[in-house]
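Give the three-dimensional model of this entry:
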Amino acid sequence: MAQSKEINISPDLIAEAVKRAMATLDKRLGQETLTDNPAGKLEAEKDYPLGTKRPDLVKSASGLALEDITLDKVISGQIGFDDVKIRPETLEYQAQIAEDIGRPNLAANLRRAAEMTKIPDDRVLEIYNSLRPYRCTKPELLDIANELETKYNAKICAALVREAADVYEKRGRLKQ
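Here you go, the predicted structure:
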């Protein structure tokens with residue numbers, strides 16, 4: 001008769017396994033998770049400033065390491081605009097540090113900025129202008145929110161635009 005062996009697995013180990021599995025699934029679906037960080041959640045005390053304490057995590061939008069970006073390369077034309085743009089992951093790391101020091105509003109702003117890196121600059125400016133009072137109707141703002149959510153997977157930004165649409169409606173700040 002076969003004997004069963006009792007295996008003791010900690011809840012933390014199970015949670016970590018589920019987290020890794022979900023991150024792998026998200027990547028396979030083309031939805032890179034910003035919090036997928038092999039170093040774990042960042043902490044201000046040991047990880048801030050990132051450029052000094054964790055330069056391994058700081059890369060440009062084109063993938064250049066921080067140490068590869070020099071003034072000489074900029075002057076010679078070896079480095080372009082995309083080489084100095086920030087990556088959404090870097091903003092997520094900064095958000096984690098902001099949370100660690102008790103600054104949840106700053107963390108939320110950094111996560112919204114991370115989403116905005118996926119939106120073309122000219123579209124960001126158009127949306128910014130649309131969010132000014134009396135520039136759009138409520139349906140136009142809701143269309144922008146839907147675009148942000150569906151086209152750019154910018155759910156935090158979409159929620160902000162929806163909130164603005166509701167507030168503008170209550171305050172009479174919508175285009176008539």
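
which stretches of the protein form helices?
11-28, 44-47, 50-53, 71-75, 88-100, 104-116, 121-130, 138-151, 155-171 (DSSP state H).

quick one: buried residues of the second one?
If I follow you right, that is helix 44-47. 44, 47 (16 or more other C-beta atoms under 10 Å). For every residue, glycine as well, the C-beta is placed using N, CA and C.

With residue 61 as the reference, name the closest of the helices of the chain.
Residue 61 lies closest, by C-beta to C-beta, to one member of the helices of the chain: helix 88-100, at 8.9 Å.

can you give me how far that closest one is from the chain middle?
Counting by C-alpha atoms, centre = their mean, to the nearest Å, helix 88-100 is centred 8 Å from the centre of its parent chain.

what's the domain layout of this structure?
39-117, 118-176 (automatic domain parsing).

can you tell me which residue is nearest the centre of this protein?
In the chain, the centroid-proximal residue (C-alpha atoms, centre = their mean) is residue 114; its distance is 3.1 Å.

And the pLDDT for that residue?
Residue 114 carries a pLDDT value of 97.

where's it relative to residue 169, distance?
Residue 114 is 28 Å from residue 169, where distance means C-beta to C-beta, to the nearest Å.

again with residue 154
For residue 154, the distance to residue 169 - C-beta to C-beta - is 22 Å.

Residue 119 now?
Distance from residue 119 to residue 169, by C-beta to C-beta: 24 Å.

repeat for residue 107
On the measure of C-beta to C-beta, residue 107 and residue 169 end up 28 Å apart.

Of the two, which one has the most company?
Each of residue 107 and residue 169 has its neighbours counted (other C-beta atoms under 10 Å); residue 107 has more, 20 against 13.

Wait, that one touches residue 101, no?
No. Checked against C-beta atoms under 8 Å, the pair residue 107 and residue 101 is beyond contact range at 9.4 Å.

So for stretch 110-118, what gets flagged as buried?
For stretch 110-118, by 16+ other C-beta under 10 Å, it's 110-117.

again but with stretch 78-90, I slipped
Neighbour counts over stretch 78-90 (16+ other C-beta under 10 Å) mark 79, 83, 87-90 as buried.
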